[in-house]
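Student: Just to be clear, the model below is a prediction. Sequence and coordinates:
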Amino acid sequence: MKLLSALFAGLVGAALPFIAPAAPVIETKGSSGSAPVESGFLTVPGLGKLPYHFLFEEFSAPGENLDAFVLRVAPRLREYSRETGYEACGVIASDGAQFSVIVGSNHAHTLCVNDSRKVAAGMVHSGQTIHSHPVGEYRVNAQDKLLLGALTPLNSRQKRGPAGVSAEDLLSGHGYVVERNRVLHQAGENAVRLVN
């Protein structure tokens, strides 16, 4: 976990666009929105090439606040993680009157890389993200190995960390964490709350 935290800390300010101005190279086809929403790849400097699989796009209902929107969308992320063991994630965007999220996955059990340009047309990154935490053990795949490091053998069994907001979640900026039976919002280490 220390290796993952160090790697993630090294990425902050260098590769993750929802944290820093530098953005990964997106190798996908264009779309009518502000960013590509098709499946493809994200190339993250210092890390490598990760698959990007588009899952769904959702918009808030008129008058729906952000927490209510997240609680409505959360079961879809939770179900995806339950079925696959992978994290799912998205950048929450807004046009001032409505929220939206484009949710995808990197097919990794350990992390999901967001791209702040993956927002619906006419919307901008709200400064919040959402991602799911799968549960149980997993077998390390190629994407996990990029994140966990060369000393972690492919197909080795790994246990997930404790439930709740991780150190990596805190480093990635403010947002929502979807777990098995709850949704948390974190705005820093001392600002974690249950969303209900």
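Tutor: That came in fine, so what should we check first? Numbers count the residues shown, from 1 in each chain.

Student: Longest strand in this structure, please.
Tutor: Using DSSP state E to assign secondary structure, the strand with the most residues in the chain is strand 48-59.

Student: ok, residues contacting it?
Tutor: Under the criterion Cβ atoms under 8 Å, 6 or more residues apart in numbering, residues 26-28, 37-44, 69, 72-73, 76, 80, 88, 98-108, 113, 115, 120, 143, 146 lie in contact with strand 48-59. Glycine gets a C-beta too; all of them are placed from N, C-alpha and C.

Student: where are the low-confidence patches of this structure?
Tutor: 1-38 (pLDDT under 70).

Student: Point to the residue nearest the middle of it.
Tutor: Cys89 (3.1 Å; Cα atoms, centre = their mean).

Student: May I have the longest strand of the chain exported as PDB, CA atoms only?
Tutor: Taking only C-alpha atoms (Å, rounded to 0.1, in the frame of the first residue of the first chain), the coordinates of strand 48-59 have been written out as PDB:
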ATOM      1  CA  GLY A  48       1.400   3.900 -18.900                       C
ATOM      2  CA  LYS A  49      -1.600   3.100 -21.100                       C
ATOM      3  CA  LEU A  50      -4.800   2.100 -19.400                       C
ATOM      4  CA  PRO A  51      -8.000   1.000 -21.100                       C
ATOM      5  CA  TYR A  52     -11.000   3.200 -20.800                       C
ATOM      6  CA  HIS A  53     -14.500   1.600 -21.000                       C
ATOM      7  CA  PHE A  54     -17.500   3.900 -21.200                       C
ATOM      8  CA  LEU A  55     -20.300   2.700 -19.000                       C
ATOM      9  CA  PHE A  56     -23.000   5.300 -18.900                       C
ATOM     10  CA  GLU A  57     -23.900   9.000 -18.900                       C
ATOM     11  CA  GLU A  58     -26.500  10.400 -16.500                       C
ATOM     12  CA  PHE A  59     -28.100  13.900 -15.900                       C
END
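
Student: Can you point out the buried residues in that strand?
Tutor: The neighbour-count check on strand 48-59 (16 or more other Cβ atoms under 10 Å) flags 50, 52-55, 57-59 as buried.

Student: Also stretch 126-137?
Tutor: Buried positions in stretch 126-137, judged by neighbour count with 16+ other Cβ under 10 Å: 126, 128-134.

Student: chain center to it, what's the gap?
Tutor: Shown here is stretch 126-137, whose average C-alpha point lies 6 Å from the average C-alpha point of the whole chain (Cα atoms, centre = their mean, to the nearest Å).

Student: I'd like to know which elements the lengthiest helix in the chain is packed against.
Tutor: Among all segments of the chain classified by DSSP state H, the helix with the greatest residue count is helix 66-84. Where contact means 3 or more Cβ pairs under 8 Å, 6 or more residues apart in numbering; DSSP states H and E, helix 66-84 is packed against strand 48-59, strand 89-94, strand 99-105, strand 124-132, strand 175-178, strand 183-186, strand 192-195.
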